[in-house]
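Colleague: give me a model of this one.
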Amino acid sequence: MPALYKTWLYRARLAIIGKMLLKPQPKPMAFSGPGSSANLCKAISQFGLKNLLIVTDKPLRELGLLDKTLADLAAHDVSYQIYDGVLPDPTLQVVDDGLAVLNANHCDAVLAFGGGSSIDTAKVVALAGANGGNAESCLGVNKCKQGALPLFAIPTTAGTGSEGTCIAVVSDNETHSKSAVIDNSLIPKAAALDPEVMLGLPASMTAATGMDALTHAIESYIGTFGNTETDFYGLASAKLVFRYLPTACSDGQNMEAREGMSLASYYGGLAITQALVGYTHAISHNLGARYGVAHGLGNAVALPHVLDLLKDDAQDKMAALAVHCELGKAEENKAALAQKLIDSVRELNRTVGIPETIEAIQEIDINELAGLALTEGSSYPTPRFLDTDDCRGILKRMSVAPA
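Modeller: Predicted coordinates for the structure are as follows:
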């Protein structure tokens with residue numbers, strides 16, 4: 001297909017997506033700060049809901065992190081059932097298993113307790129449950145006639161921002177290729193941004209999820225779908241990550257840093273639900289599908305390489321980000337400021353222990369992975385479209401240690 005025609009086709013497809021995203025986007029009622037999960041439980045009790053499905057994973061439940069929330073719900077006479085079968089990168093089957101619990105117990109609302117995988121699972125369970133379907137019937141954009149059951153979220157990681165988005169990502173049962181479910185009713189009614197539930201998060205997971213939040217902030221801001229509101233959230237998110245992520249990783253009990261990162265994650269989610277993401281996510285999604293690479297880690301390693309290729313096309317925005325995040329001064333040359341942003345991302349990666357390469361990437365897979373990332377990336381409002389050589393080059397640099 002001629003390059004000019006492909007570019008026209010991609011732009012036409014983006015225009016259709018853009019029209020959908022111009023519709024007003026609801027936002028969760030957000031409770032924030034230490035103890036905010038208790039406030040969310042109290043709020044849930046005021047909605048007249050009869051039986052809540054809690055969606056989480058076994059490790060969180062076995063560690064006892066869910067216990068306080070269960071006690072808070074019981075104190076407000078909220079009945080609940082628990083589905084703890086969530087796995088990283090949840091598959092359609094994981095969602096359908098949760099849906100079976102919801103249907104068997106006639107649950108009328110869903111509470112996600114966990115990271116992005118738990119929240120994404122809960123979203124699709126709530127949507128499929130309201131429509132009498134299964135996970136697969138929800139795949140795509142606005143595929144369901146009815147909105148999701150009332151949905152609430154208590155994120156236990158600071159990164160995905162899924163508590164603020166209208167998107168859930170699920171994987172095929174066999175191939176593990178990722179698909180999106182997009183529907184405004186997937187945005188939770190309310191969420192608790194509670195740093196207390198994040199205090200036990202290991203440094204490595206804190207780092208990877210935190211860099212996921214930074215990727216949301218940067219890609220939403222430099223993309224072409226940004227507006228005054230999404231730029232506001234993207235800038236705030238990026239500044240919070242640069243300020244608080246190193247401390248959250250080195251001192252996991254630091255409540256201020258944990259709260260700062262929970263806000264950074266939430267703001268990043270609000271930004272991408274309208275402004276979307278870019279090639280960093282396209283690359284990371286396909287590394288996750290092929291090798292099981294954690295999404296935040298894939299984003300963290302890919303982000304500076306993608307920015308290297310986009311810095312001429314997104315120079316003004318990248319310079320503005322650098323100034324806002326106090327990485328440089330407004331009177332400096334814009335090209336120099338854009339480079340400072342890239343250098344600061346690399347330095348932040350080093351500071352929080354993110355590796356420069358991903359050992360799982362196999363040379364034999366690079367051509368196919370590049371093609372897949374290019375196809376997905378064409379659906380995002382990026383400053384410019386990359387080509388196969390660009391994507392192949394990024395993957396090679398991610399897989400081979402620098403000389």
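
Colleague: for stretch 241-258, what is the average pLDDT?
Modeller: For stretch 241-258, the mean pLDDT works out to 98.

Colleague: what residues of it count as buried?
Modeller: 241, 242, 243, 244, 245, 246, 248, 249, 252, 254, 257, 258 (16 or more other CB atoms under 10 Å). Backbone N, C-alpha and C define where each C-beta goes, glycine included.

Colleague: one more: stretch 338-346?
Modeller: Buried residues in stretch 338-346 (16+ other CB under 10 Å): 338, 339, 340, 341, 342, 344, 345, 346.

Colleague: what would these look like in CSV with secondary structure?
Modeller: Converted to CSV, those look like this (DSSP: H, G, I helix; E, B strand; the rest coil):
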residue, secondary structure
338, helix
339, helix
340, helix
341, helix
342, helix
344, helix
345, helix
346, helix
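
Colleague: any weak-confidence spans in the protein?
Modeller: Filtered on pLDDT under 70, the chain yields the residue ranges 1-24, 401-403.

Colleague: now do 50
Modeller: 1-9, 403 (pLDDT under 50).

Colleague: list the contacts for residue 218?
Modeller: The contact partners of residue 218, taken as CB atoms under 8 Å, 6 or more residues apart in numbering, are 234, 238, 303, 307, 321, 341, 345.

Colleague: then residue 340?
Modeller: Residue 340 touches 322, 327, 328, 332, counting by CB under 8 Å, 6+ apart.

Colleague: could you dump the buried residues of stretch 241-258 to TSV with secondary structure and distance to residue 217?
Modeller: Formatted as TSV, these follow (DSSP: H, G, I helix; E, B strand; the rest coil; distance: CB to CB, whole Å):
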residue	secondary structure	distance to residue 217
241	helix	7
242	helix	10
243	helix	12
244	helix	13
245	helix	12
246	helix	16
248	helix	16
249	helix	17
252	coil	22
254	coil	21
257	helix	17
258	helix	18
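
Colleague: related to what we said a few turns ago, most neighbours out of the contacts of residue 340, which is it?
Modeller: residue 322 (25 neighbours; other CB atoms under 10 Å).

Colleague: could you report the distance from it to residue 272?
Modeller: 20 Å (CB to CB, to the nearest Å).

Colleague: which stretches of the stretch 51-200 of the chain form strands?
Modeller: In the stretch 51-200 of the chain, the strands defined using DSSP state E, counting those that start in this stretch lie at 52-55, 80-83, 109-114, 140-141, 151-155, 167-171, 178-182, 190-193.
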